Every structure is written in structure tokens, then in C-alpha cells.
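can you look at this prediction? I've put the sequence above it.
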Amino acid sequence: MSLLLPVGALAASEMNNADAAIVLNRMSAAAKQNDFQGLFTHQHGDSTETFRIVHVGSEAVEIERRESLDGPRREYFRKGAQVSIYLPSKRPISLDRRFSSKLFPQHLPENADSVLLNYKLKKVGMERVAGLNAQMYELEPRDVYRFPLRLWMHTDSGLILKSERLGPSSLPGELFVFSALVFGKVERTLLAPVNPLRAVVIESNQGVASAPIEPAWKIEHLPRGFRFMKSVQRTLIGKEMPVVQHLYSDGLVTVSVFLEPSVAESKEGASHQGAMHMYVRQVQAKMVTVLGEVPAETVKKFAYAFNPRS
């Protein structure tokens, strides 16, 4: 009968913070320290992509290579903190440091405390993923400002084999899952790039507890649990003027706030695709656009937390 029940119907037991931190820290460490190679699928909205990943974590310097197997040709190579990428576009590339530290199966920060401030960890049950035994957990939000995240942990290594972010009405919003995975010594030839890579700039994103310094804007009453990471000025495709981007994180997900002069043809209000929500607000000839894999109420609250100073 259990085969006929949805995952959410399985019994789940909440873990205390100490035990939860041990589990989450084990998942985080496993993604860095193990040697493995495999194939995984990423489903997001109507898009489905397959990637090959090769990872060496047992040596002094961590090395990782991943490449797309369908769609546009892409490749990512990292040796320690140095990152190189192949993309069809020739535009200059820069990446936030969080990009490299949050790629599947490395979804979690090194310290679980920041996560457990905003989420409770529940132990759900056992399943098999890519032929391997996995313990399923769910990170359940402590409030209405974020979505749940389900994680399937390999019982032997601690590696995340599958992750599923739920969206509105607890429907699946984004899925990563291994279809094949092998642990053990990695052949060096598998780490050799197959495309002409170019180095990218890795931007710092040290979080601070205080609010950003933004002389033209008054920022107050942000959703609880989100930490300001950084503020940068960007030139976006389709935009005539540079925009200011503020980045916030709750330890698992990020929310971007874009500030710019108002545009007459822009439509105010909310929109979403799967778990990704956006809210656009125009106020005093300025426009606030908020984007993130968080509930609609969260992006709206962010949008109304930014107001031009008189």
C-alpha cells in the first residue's frame, strides 16, 4: 500500500537541532570530500537537462568538472577556488561565490546553524536513488516566507543523491536527481575539459547582519531570517541603464532585489514560474523588482520594504 501513497503521506519525525546539525554537516562535507562520477538530471519548470559530473575530494585540492549532455553545450571546471567555464556566449562572465558553493549535490552551507534558524529537519523514510539506499529528510520552514526542501542522503557516504524544492501548494518546483553514480578513484582523463574554457571572476559575497548602505532608499521590515549578502551594480540584457542588485539569503535560497528608474511599459504586480516568484513595484519614478525561489508573500514583502527617501 505504501507504493500508492504520496511521499508527503509518509510518517516524518522532527529532529532536535543538535542531531539535525550533525546530519546537515555530514551532507555538506560529503559533497566536498568524496571521489565520485555520475549523471544527474535537473528539472526546473518545463526544462529538463542532464549533466555529467566528475569530482575529486580526497586530495589536497578539490577538483570538479561538469558538462551538459543535452541542450546548449556548457562546461564547468573548478580546481580549488579557481573556476573556468565554457558557454556559447562570448560575453564577459563573473560568478557569485555562492554559485560554486551551491551546485548540486553541494546544496548546503558548511555550517548548518544558519539553516536551522529558519528550517526544521524531519526524518521521513528510506528510499532508493540510482540503485543506492537513501535516507529521506525534509527541511520544513519555520514560517511562511520560504518553501520546504526534501533531501535524499546516501546512507553510506552522506552524499545528497536527490533534492526536491517544493513550490506553491507543496507541488514540486525544482528537482536534482542522480540517475547513475559511482564512488571511488577517478581516472584523470575524466577531469580533462572537452571545450575551450575561459577563467571567470569569482565575486565575494561575505554576509553581514546589518542592512546595506543605500542612500537613496529606506529599507525596513524585511522578511525575517534573510541576511544581506552584497550589493552590486549590473548591466542587464534589455536594460538601457545599469541596475543595482541587492542579494539576500536565508542559508538555503537567495532573493534578488533590483533597483532602477521606473519603466512606463513595465507591469506591476506578481508573477511566477514553478517555485520562482517575482514582484514588480513602481514608486516615485523608481522601480523595485524582486526575484527568488520563495513564496509570493516573501517577494511582495521585500518589494514593499524598499522605499525611496524623500
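Okay, I see it. Numbers count the residues shown, from 1 in each chain.

helix or strand for the spatially closest residue to Gly251 that is not a sequence neighbour, which one?
Nearest residue to Gly251, sequence neighbours excluded (CB to CB, 6 or more residues apart in numbering): Ser114, at 3.8 Å. Bear in mind the C-beta positions are built from the backbone N, C-alpha and C, glycine included. Ser114 is part of helix 113-116 when elements are defined by DSSP states H and E.

just the residues contacting that helix, thanks.
Contact with helix 113-116 is made by 17, 20-21, 24, 108-109, 139, 227, 250-252, as judged by CB atoms under 8 Å, 6 or more residues apart in numbering.

pull the most distant pair out of those residues.
Pairwise distances across these (CB to CB) peak at 19.6 Å, for the pair Ala20 and Arg227.

ok, the two, which is more surrounded?
Ala20 (21 against 16; other CB atoms under 10 Å).

show the contacting residues for the more buried one.
The contact partners of Ala20, by CB under 8 Å, 6+ apart, come to 112, 116, 120-121.

any low-confidence regions in the stretch 151-300 of the chain?
Residue ranges of the stretch 151-300 of the chain with pLDDT under 70: 203-213, 235-240, 264-265.

which stretches of it form helices?
For the stretch 151-300 of the chain, the helices defined by DSSP state H, counting those that start in this stretch cover 296-305.

picking that back up, what's the most distant pair in the contacts of Ala20?
With CB to CB as the measure, no two of the contacts of Ala20 lie farther apart than Ala112 and Lys120, at 12.0 Å.

of those two, who's got more company?
Ala112 (22 against 16).

thought that one was touching Arg26?
No. Between Ala112 and Arg26 there is no contact under CB atoms under 8 Å: 9.4 Å.

pLDDT of the helix holding Ser114, averaged?
Helix 113-116 carries an average pLDDT of 91.

how about that helix as PDB, C-alpha atoms only?
Taking C-alpha atoms only, helix 113-116 is exported to PDB below (Å, rounded to 0.1, in the frame of the first residue of the first chain):
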ATOM      1  CA  ASP A 113      23.300  26.700  12.200                       C
ATOM      2  CA  SER A 114      22.200  29.300   9.800                       C
ATOM      3  CA  VAL A 115      19.800  26.900   8.100                       C
ATOM      4  CA  LEU A 116      18.300  25.600  11.300                       C
END
